[in-house]
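[1] this one's sequence-less:
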Ligand code: MIG
């Protein structure tokens, strides 16, 4: 063992026929990294770039005395200790002498070293081979694999890697999206492992471990008192096995009334296996959920701050047929008084699925159409897929062809597959030059018919290849740098969204925030926009599973996520559609979408009663946009998910650890969507014995640590405000977010058992980067304590002029009628505030206030 600088190098020879090199790094912020590669691989093995936002800042681990054959390192600030033994190779991590996790304690370290192909080996080893024709079939099998009609010839032969981690005391694991599965990861010992392999799966099955669309090779483990994360930085096909032994109490004996018990602590073993690349794993040592979120974002970046419009409602369909159709749908929203922000155009808007073009018959004047939408202060999103029609007359194709920008097949020609346009080649977004060129295609001068209200949707970027193995690209296709597709498959979509987002930024000379929705994703995709869960079905089960699916994406760093409202495939019954709008209104990315052969389902097509219900759901979303936007700011600067599983907010409350039918929006709202047909009652868990919870609509309150039998009608989703919070809202909604900046605010103040509350409001221009470069923003905090509600700066660096006022304050949980309420601002005489108080409800309402949102003020309640 040697110790160059900050890392430790260990030679491992027992796990592979060649020496392996293990490097151990301490990283600032309670992170630990382990890299294992062959000491001298025959060819370089793939190492991921572009996911880590910077070279992680390593820090010194101090060696301490330990047993012979063991190296003990201490991380002074994190109270962590690493016991490393080389033979057998094992690492134990402990925190203040409490064992947290062990590496390779079940001995699953696995490393297939690169070898000469069998032929070469034979010729080289001729002298020792007695009978070369007896070359074992097994050997060949490792070099080529049959998959249906496909033969995967592996350029580098077998190259798999694997490693196990034992998590001591943990039995709750989350993460490794994307699967149509529960939020809490299941034990896989009896069935299939979780598979991380990005695939296009139309109408995917629920409760399946097969990979769909995108993945993040990152999981979190949580127990009372500690949360940790394991981030396995590898983009090849990956399997994750999870084996949990829960805590058990053994009854030892019973003598009289005395019970002798022995508690055996829970342990979960996780084994990661990937097809190629190297072992590069980050251990995020928490100890809190918030600390783990932070650690992950230090590595991969935070959620991009979305433009405000993208938090509104999106109307999509495959397809809105033509300009007339777009106009009519847009007008329908106004006629029915339903807010919406964006109309979407799917693949049919193009000239024969040639992206960046328009079907001239259907969309003869795309700019005229966009000017109409602009006049409504709304936006358009169009689709651009990564496959490019093989057509020498299509300039995008011929340019990319000439420049050599397509992924290659293993014979050196351009890879060709079949997709929507027929024969297609696939842009090699892993090449920085290709990304640069692709970004340039979004320039207004390049993209004919585009304007600055046009934003982007990346679909089919797993990549989807019809008639390809599992509907994707052959693993032996060749990318930039001569890497095989197998090495980086799971990053293909990540790179496309990266290039598209960059393109939108560039077309505005760096001034405007992009919006790009992607179907495929990887660790770090949060930096480039939003993600949705692909082709779900118009069935109740898909509505229900959308919640755990989005919670899983959220804890894996992807805060801006959503599921197709209504269900993409099939025709939802009206009740399902209504319930889906009510649920979607409280999910981060809120888009109605439907496939081609479904009936039209714009919100007003199901009778006045249902229109009213959908209208209400969408309006509730718009009224809460100040809260949503503030939460996204928080996700952007402080790494906390917007949509949070209960365990994140109540990390000590065991009964929250497996909850997935309800969740928190930020720390103030608890949402329990109705996902069953004809429901009249839902069981709502109100966690926390210290908490008070208020029905968000009736203001009735309950103390926490109980399960409510909560009656539900068809008119709403159960939503509860947590005592101790202040939620900023708008008093009214507009036809889109564009009509809302001047509308006044309402503050919902819900008092905790001590009679206090706090909350925040973030606002800026909603679309540019000036919040970043010129600090043009307002970040306010509201505090209620001892009868005084105050507004003050949460971040004095920010400045933004707003005419907007706080007009209304509703305080929940005031238990006596005040005698006077006065408001005071710095440059104004104190004024009496008119109020109404309901002694039955304990609700105090202050109306007709006119307190500028950007200045400090106080309201005194006596
Ligand atoms: O499988 O572009 O998930 O949202 O409407 C069809 C057509 C291809 C799949 C996407 C879906 C989109 C559709 N696409």
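    That came in fine, so what should we check first? No experiment lies behind these values; they were computed from the predicted model shown.
[2] please name the residues that touch the closest residue to residue 207 other than its chain neighbours.
    Nearest residue to residue 207, sequence neighbours excluded (C-beta to C-beta, 6 or more residues apart in numbering): residue 181, at 6.0 Å. Where you see a C-beta, it was placed from the backbone N, CA and C, and this is true even at glycine. Applying C-beta atoms under 8 Å, 6 or more residues apart in numbering, we find residue 181 in contact with 194, 206-209, 545, 548-549, 552.
[3] at 7 Å what do you get?
    Counting by C-beta atoms under 7 Å, 6 or more residues apart in numbering, residue 181 makes contact with 207-209, 548.
[4] are we agreed that it is in a strand?
    No. Going by DSSP: H, G, I helix; E, B strand; the rest coil, the assignment for residue 181 is coil, not a strand.
[5] how near is it to the ligand?
    19 Å (C-beta to the nearest ligand atom, to the nearest Å).
[6] what do you get for residue 648?
    29 Å.
[7] so that residue touches residue 286, yeah?
    No. With contact defined as C-beta atoms under 7 Å, residue 648 does not reach residue 286; the gap is 12.0 Å.
[8] anything in contact with each of the two?
    If you check residue 648 and residue 286 against C-beta under 7 Å, 6+ apart, no residue is contacted by both.
[9] nearest residue to the residue of the stretch 751-862 of the chain found nearest the ligand other than its sequence neighbours?
    Distance from the ligand to each residue of the stretch 751-862 of the chain (C-beta to the nearest ligand atom) is smallest for residue 767, at 25.2 Å. Residue nearest to residue 767 in three dimensions, not counting chain neighbours: residue 307, with 4.8 Å by C-beta to C-beta, 6+ apart.
[10] wait, what's in contact with the one you found?
    513, 515, 766-767.
[11] repeat that for residue 63.
    Residue 63 sits next to 71-73 when contact means C-beta under 7 Å, 6+ apart.
[12] show me where the stretch 351-500 of the chain has its helices.
    With helices called from DSSP state H, counting those that start in this stretch, the stretch 351-500 of the chain shows them at 366-375, 395-403, 432-440, 485-488, 492-507.
[13] sorry, wrong one. I was asking about the stretch 101-250 of the chain.
    Under DSSP H, counting those that start in this stretch, the stretch 101-250 of the chain gives helices at 118-124, 137-143.
[14] rank those helices by pLDDT, which is bottom?
    Among those, helix 118-124 has the lowest mean pLDDT, at a mean of 59.
[15] what residues does this structure have near the ligand?
    Contact residues (C-beta under 6 Å from any ligand atom) of the chain with the ligand: 202, 318, 346-347, 383, 459, 519, 534-535, 568, 593.
[16] 5 Å instead?
    318, 346-347, 459, 534-535 (C-beta under 5 Å from any ligand atom).
[17] select, from these, the two members most distant in space.
    The distance between the two most remote of those (C-beta to C-beta) is 15.0 Å, for 347 and 534.
[18] the two: who's more crowded?
    A direct count of neighbours by other C-beta atoms under 10 Å for residue 347 and residue 534 places residue 534 higher, at 24 against 21.
[19] from residue 203, how far off is the more buried one?
    From residue 534 over to residue 203 the distance is 9 Å, taken as C-beta to C-beta, to the nearest Å.
[20] kindly report the same for residue 73.
    50 Å.
[21] which one's more surrounded, the two?
    Counting neighbours by other C-beta under 10 Å for residue 73 and for residue 203 shows that residue 73 has the greater number, 21 against 15.
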